[in-house]
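Trainee: predicted model and sequence follow; I will ask about them next.
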Amino acid sequence: MVIAAAQINPIREGINRNLKTHYNLIKLAAGKGVRLIAFPELSITGYEREEANKLSFSISDDRLDKLKDLSAENNMIIIAGAPIKMDFGLYIGSFVIFPNGKVSIYTKQYLHTGEELFYKPSFDYNPLIELEGERISLAICADIDHPEHAENAGKKKSSFYIPSIFFSPKGIGDAYQKLSSYAASHSMNVLMSNFCVTSYGSDAAGKSGLWNKKGKLITQLDSIREGLVIATGEGENWAGEAIYLS
């Protein structure tokens with residue numbers, strides 16, 4: 001199996017431009033035979049708080065149509081982030097788009113301080129993805145600051161834990177330590193997707209990466225270029241590759 005984490009530099013309020021970056025990375029991934037691709041937190045809009053409601057998406061939003069088409073054309077599960085409005089609330093979420101047209105939603109369970117002024121947390125939307133014998137659990141950013149989140153993924157016998165994050169250079173070292181520890185403690189591969197350069201007027205750390213079940217870092221991207229971390233393998237044997245958009 002081949003899966004990937006995408007690293008992007010989103011433009012604030014630049015939804016159309018950000019979606020084009022998604023399309024380009026999906027096409028790059030398709031050329032590598034990728035079956036699942038995960039983008040960072042709020043990847044479609046870039047990280048937002050104050051403007052989140054204005055930029056929000058619904059599960060039936062027609063702006064997702066091209067992603068649905070690419071999912072079907074390339075037989076690829078696409079995980080892309082946006083502020084999602086549903087159930088009379090606004091959530092930091094990920095759309096999980098399947099090749100058959102089905103769309104599931106993962107919602108951020110633990111919010112950063114200040115996010116509660118604009119978003120709600122929720123434990124109600126937490127799909128487990130099964131693909132070619134692998135069991136895949138998702139996370140969004142601050143979820144990884146809570147060890148019980150990764151522990152719950154381990155209890156589900158997840159073989160992959162995929163956090164979509166927005167971490168700064170100051171915080172990425174701590175994130176790396178936690179993700180390595182979770183991989184080793186719960187015997188699951190970890191594939192992390194982050195922004196690079198900037199988002200929301202703040203520096204982004206990049207360094208999207210892949211860890212094996214022993215907590216060893218297999219490969220990572222740099223801090224400034226958009227690209228893919230690709231994981232290839234099955235069972236206990238996984239290799240990593242880092243490639244960049246030209």
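Mentor: Thanks, I have the structure now. Model, not experiment: these values are computed from the prediction. Residues are numbered from 1 along each chain as shown.

Trainee: by residue count, what's the longest helix in the chain?
Mentor: As assigned by DSSP state H, the longest helix anywhere in the chain is helix 169-186.

Trainee: for that helix, which helices and strands make contact with it?
Mentor: In this structure, helix 169-186 makes packing contacts with helix 147-155, strand 160-164, strand 189-192, strand 202-205, strand 209-211, judged by 3 or more C-beta pairs under 8 Å, 6 or more residues apart in numbering; DSSP states H and E. From N, CA and C alone the C-beta is placed, and that goes for glycine too.

Trainee: now it: buried residues?
Mentor: The neighbour-count check on helix 169-186 (16 or more other C-beta atoms under 10 Å) flags Ile172, Ala175, Tyr176, Lys178, Leu179, Ser180, Tyr182, Ala183, Ala184, His186 as buried.

Trainee: out of those residues, who's nearest Phe118?
Mentor: Ala175 (22.6 Å; C-beta to C-beta).

Trainee: check contacts around the closest one.
Mentor: With contact set as C-beta atoms under 8 Å, 6 or more residues apart in numbering, Ala175 has these partners: Ile144, Ile165, Phe167, Met192.

Trainee: give me that answer again for 7 Å
Mentor: Counting by C-beta atoms under 7 Å, 6 or more residues apart in numbering, Ala175 touches Ile144, Ile165, Phe167.

Trainee: would JSON lines of these with distance to Tyr125, neighbour count and pLDDT be doable?
Mentor: Formatted as JSON lines, those follow (distance: C-beta to C-beta, whole Å; neighbours: other C-beta atoms under 10 Å; pLDDT from 0 to 100):
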{"residue": "Ile144", "distance to Tyr125": "17", "neighbour count": "22", "pLDDT": "98"}
{"residue": "Ile165", "distance to Tyr125": "18", "neighbour count": "24", "pLDDT": "98"}
{"residue": "Phe167", "distance to Tyr125": "23", "neighbour count": "25", "pLDDT": "97"}
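
Trainee: so which of those residues is the closest to Gly101?
Mentor: Of the contacts of Ala175, the one sitting nearest to Gly101 (C-beta to C-beta) turns out to be Ile165, at 27.9 Å.

Trainee: now that closest one. Nearest residue, chain neighbours left out?
Mentor: Among residues not flanking Ile165 along the chain, Cys141 sits closest, at 4.5 Å (C-beta to C-beta, 6 or more residues apart in numbering).

Trainee: now do the contacts for the one you found.
Mentor: Counting by C-beta under 7 Å, 6+ apart, Cys141 has contacts Glu41, Lys108, Ile165, Phe166.

Trainee: start and end of stretch 157-166, how far apart?
Mentor: 26 Å (C-alpha to C-alpha, to the nearest Å).

Trainee: what comes into contact with that stretch?
Mentor: Outside stretch 157-166, the residues that touch it by C-beta under 7 Å, 6+ apart are 38-41, 47, 79, 81, 94, 134-141, 143-144, 150, 153, 175, 179, 182, 188-195, 199, 204.

Trainee: brilliant, that's me finished.
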